[in-house]
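Peer 1: need a 3D model of the following:
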Amino acid sequence: GATLTPILARSLTMPVSIVEDKTLDSGQAYLRLGSAEQVIDSSALLESICDAFDAFSQQSEEEIQHG
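Peer 2: Alright, predicted model coming up:
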């Protein structure tokens, strides 16, 4: 919370409060505005990027081997 508060304060014009939720895994957060809510999962995003990179690397390696 202490790390994000100054960043959010510079980026947003509305007041922001950060509340820790021990039920969330590392890299997860809920973003709530009124009744709207969005789950942010940076761990899943990073895993997805790694999977895409692995698939790209494997395809490139196969193309090099098979011309």
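Peer 1: for E37, list each beta-bridge partner.
Peer 2: For E37, the beta-bridge partners under DSSP bridges are R32.
Peer 1: for it, grab the count of nearby residues.
Peer 2: E37 has 9 neighbours, counted by other C-beta atoms under 10 Å. All C-beta spots, glycine's among them, are computed from the backbone N, C-alpha and C.
Peer 1: that one and Y30 touch, don't they?
Peer 2: Yes. With contact defined as C-beta atoms under 8 Å, E37 reaches Y30; the gap is 5.9 Å.
Peer 1: tell me the helices and strands packed up against whichever strand or helix holds Y30.
Peer 2: If you go by DSSP states H and E, Y30 is part of strand 28-33. Judged by 3 or more C-beta pairs under 8 Å, 6 or more residues apart in numbering; DSSP states H and E, strand 28-33 is in contact with strand 36-41.
Peer 1: list of residues touching the next helix or strand after the strand it packs on?
Peer 2: Where DSSP H and E defines the elements, the next helix or strand beyond strand 36-41 is helix 42-66. Here helix 42-66 makes contact (C-beta atoms under 8 Å, 6 or more residues apart in numbering) with 25-28.
Peer 1: got the angle for helix 42-66 vs strand 36-41?
Peer 2: Relative orientation of helix 42-66 versus strand 36-41 (axes from the mean of the first three to the mean of the last three C-alpha atoms, to 10 degrees): 50 degrees.
Peer 1: nearest the geometric middle of this protein, what residue?
Peer 2: Taking C-alpha atoms, centre = their mean as the criterion, S42 is the residue nearest the geometric centre of the chain, at 2.4 Å.
Peer 1: so it versus L24, what's the distance?
Peer 2: 11 Å (C-beta to C-beta, to the nearest Å).
Peer 1: state whether P15 is indeed within a strand.
Peer 2: No. With DSSP: H, G, I helix; E, B strand; the rest coil as the criterion, P15 is coil rather than part of a strand.
Peer 1: so what pLDDT did it get?
Peer 2: P15 carries a pLDDT score of 77 in this model.
Peer 1: how many residues are close by it?
Peer 2: P15: 7 neighbours (other C-beta under 10 Å).
Peer 1: again with L24
Peer 2: Neighbours of L24 under the rule other C-beta under 10 Å: 13.
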